[in-house]
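Colleague: Pasting a predicted model and its sequence here:
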Amino acid sequence: MKFFIDTANLDQIREAQERGVLDGVTTNPSLMAKEGITGKENIMNHYKAICEIVDGDVSAEVIATDFEGMVREGEELAALNPQIVVKLPMIKDGIKACKYFSDKGVKTNVTLVFSAGQALIAAKAGATYMSPFIGRLDDVSTDGLGLISEIRLIYDNYGFKTQILAASIRHTMHIMDCAKIGADVMTGPLKAIDGLLNHPLTDIGLAKFLADFKKGN
Ligand code: E4P
């Protein structure tokens with residue numbers, strides 16, 4: 001399972017990279033705005049800065065909602081760095097743009113996926129990644145993890161190569177449940193990733209080992 005961090009905050013990206021388990025980054029226009037990154041030049045420079053920190057894929061979202069605009073923006077984004085994945089919304093023109101970029105060998109991430117039907121069409125269009133937002137589904141009392149299971153089944157039925165990128169991860173158990181179901185990737189906050197590290201018995205055990213070592217030396 002690949003681990004992506006879902007932020008545009010450079011300090012957090014650096015910190016996650018230092019853990020040694022980071023495979024990439026996802027951003028979106030809201031995350032960029034949260035960091036105060038506005039204006040095309042600043043946004044483009046910010047993507048370049050993220051690519052310098054991490055080794056893996058960096059999703060950069062288009063703002064246009066028409067095919068021509070998405071192609072124009074996506075090409076500019078992809079030209080920034082080979083790590084860039086063009087992130088496209090799950091709408092008619094987004095799917096058309098996804099097919100366009102897949103045919104050209106440019107990596108894509110179809111975002112804002114909330115149903116298995118949307119996931120199926122994203123795979124048909126050759127998406128590299130497809131992002132179901134599980135936390136946002138849970139927020140409206142709909143089973144986000146259930147959606148991941150449905151998509152896993154459909155993709156396995158036909159051997160689709162599109163990777164299921166479980167997005168809108170809210171906590172550590174989301175990561176564990178997605179891992180059990182077989183999501184290919186998860187993107188979430190550093191706090192959720194760090195939650196995987198902790199166990200009180202580890203801390204108790206280590207304290208005892210160190211105390212016993214001291215006794216013998
Ligand atoms: C995914 O690529 C999105 O950036 C993200 O996971 C959205 O999560 P949210 O529901 O926490 O905004």
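Modeller: Right, received. Where do you want to start? Numbering: from 1, shown residues only.
Colleague: Please name the nearest non-neighbouring residue to the residue most central in space within the chain.
Modeller: Centrality entry for the chain: nearest residue to the mean C-alpha point is Thr187, 3.7 Å, by CA atoms, centre = their mean. Once flanking residues are discounted, Thr187 sits nearest to Phe4: 3.8 Å by CB to CB, 6 or more residues apart in numbering. No exception for glycine: its C-beta is placed from N, CA and C like everyone else's.
Colleague: Can you tell me the SS state at that neighbour?
Modeller: What DSSP: H, G, I helix; E, B strand; the rest coil gives for Phe4 is strand.
Colleague: In contact with it, which residues?
Modeller: Taking CB atoms under 8 Å, 6 or more residues apart in numbering as the contact definition, Phe4 lies against 22-26, 56-57, 59, 165, 185-188.
Colleague: average pLDDT for the helix or strand hosting Ile154?
Modeller: According to DSSP states H and E, Ile154 maps onto helix 144-158. Averaged across helix 144-158, the pLDDT comes to 98.
Colleague: and for that helix, what are the contacting residues?
Modeller: With contacts defined as CB under 8 Å, 6+ apart, helix 144-158 is touched by 114-116, 119-120, 123, 130, 132-138, 160, 162, 164, 166, 168, 174, 177-178, 181-183.
Colleague: Next secondary structure after it?
Modeller: Criterion used, DSSP H and E; the element after helix 144-158 is strand 163-166.
Colleague: need the residues of the protein near the ligand, please.
Modeller: Asp6, Thr26, Asn28, Thr111, Ser131, Phe133, Gly135, Arg136, Ala167, Ser168, Thr187 (CB under 6 Å from any ligand atom).
Colleague: Could you pull out the strands in this protein for me?
Modeller: In the chain, the segments counted as strands under DSSP state E are 2-6, 24-26, 57-61, 84-89, 108-113, 129-132, 163-166, 185-188.
Colleague: Let's have the residues of the chain next to the ligand in CSV, adding distance to Met90 and pLDDT.
Modeller: Formatted as CSV, the residues of the chain next to the ligand follow (distance: CB to CB, whole Å; pLDDT from 0 to 100):
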residue, distance to Met90, pLDDT
Asp6, 17, 98
Thr26, 15, 98
Asn28, 13, 96
Thr111, 7, 98
Ser131, 9, 98
Phe133, 10, 98
Gly135, 16, 98
Arg136, 13, 98
Ala167, 12, 98
Ser168, 13, 98
Thr187, 16, 98
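Colleague: Mind checking which of these are buried?
Modeller: Among those, those buried by neighbour count (16 or more other CB atoms under 10 Å) are Asp6, Thr26, Asn28, Thr111, Ser131, Phe133, Ala167, Ser168, Thr187.
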